[in-house]
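Colleague: Next comes the sequence, and after it the predicted model I'd like to discuss.
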Amino acid sequence: MTACAGCGRPLPPVPASRPGPRPRYCSPACRTRQWHRTPRAGAVVTLRCRTCAQPFEYIVKPTGRRPRYCSTACLPKRQRWNREPIARRCAACGAAFETRYLRQRFCSTACRLEARRG
């Protein structure tokens, strides 16, 4: 069971047969209150950088997108092309390989397809 995004109260259970996304709010009134608390374009908001964890301020844009990093210097530190290679063993053939992708399990497309076939 999850909690309401507005007030934190537990959400009522939803039948599995119900189509669509799960509700985020316990009531329409709670959803409206939360919407009014959301900063509008032009407001100054303080966030923390995902790389260095330093607080930084930005002006909310009409698009609603928020920056994740305090500067362009912090951005490449989180990109996969800038990570150190990770030594792994292939889940299909057992061969050693290096990758920069955290979720990569196979050394090649052929091994991935072979494992998928079973």
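Modeller: Happy to help now that I have it.
Colleague: looking at this structure, which helix or strand does the model trust least?
Modeller: One helix or strand of the chain scores below all others by mean pLDDT, DSSP states H and E: helix 75-78, with a mean of 70.
Colleague: Quick check: next helix or strand after that one?
Modeller: Per DSSP states H and E, helix 75-78 leads on to strand 86-89 as the next helix or strand towards the C-terminus.
Colleague: And the next helix or strand past that following strand?
Modeller: As assigned by DSSP H and E, the chain's next helix or strand after strand 86-89 is strand 96-99.
Colleague: residues in contact with that next one?
Modeller: The contact list for strand 96-99 (C-beta atoms under 8 Å, 6 or more residues apart in numbering) reads 85, 86, 87, 88, 89, 90, 107. Where C-beta positions appear, they are placed from N, C-alpha and C, glycine not excepted.
Colleague: How is the chain partitioned into domains?
Modeller: Per automatic domain parsing, the domain ranges recorded for the chain read 1-38, 39-78, 81-117.
Colleague: For this protein, which segments count as strands?
Modeller: 44-48, 55-59, 86-89, 96-99 (DSSP state E).
Colleague: For the nearest residue to residue 115 once chain neighbours are set aside, give its distance to residue 85.
Modeller: With C-beta to C-beta, 6 or more residues apart in numbering as the criterion, residue 115 has its nearest non-adjacent residue at 4.3 Å, and that residue is residue 92. Using C-beta to C-beta, to the nearest Å, residue 92 is found at 20 Å from residue 85.
Colleague: okay, these two: which has more neighbours?
Modeller: Comparing residue 92 with residue 85 by other C-beta atoms under 10 Å, the one with more neighbours is residue 92, at 17 against 10.
Colleague: my guess is the more buried one meets residue 114, correct?
Modeller: Yes. With contact defined as C-beta atoms under 8 Å, residue 92 reaches residue 114; the gap is 5.4 Å.
Colleague: Please name the residues that touch the nearest residue to residue 67 once chain neighbours are set aside.
Modeller: Once flanking residues are discounted, residue 67 sits nearest to residue 58: 5.6 Å by C-beta to C-beta, 6+ apart. Residue 58 sits next to 44, 45, 47, 66, 67 when contact means C-beta under 8 Å, 6+ apart.
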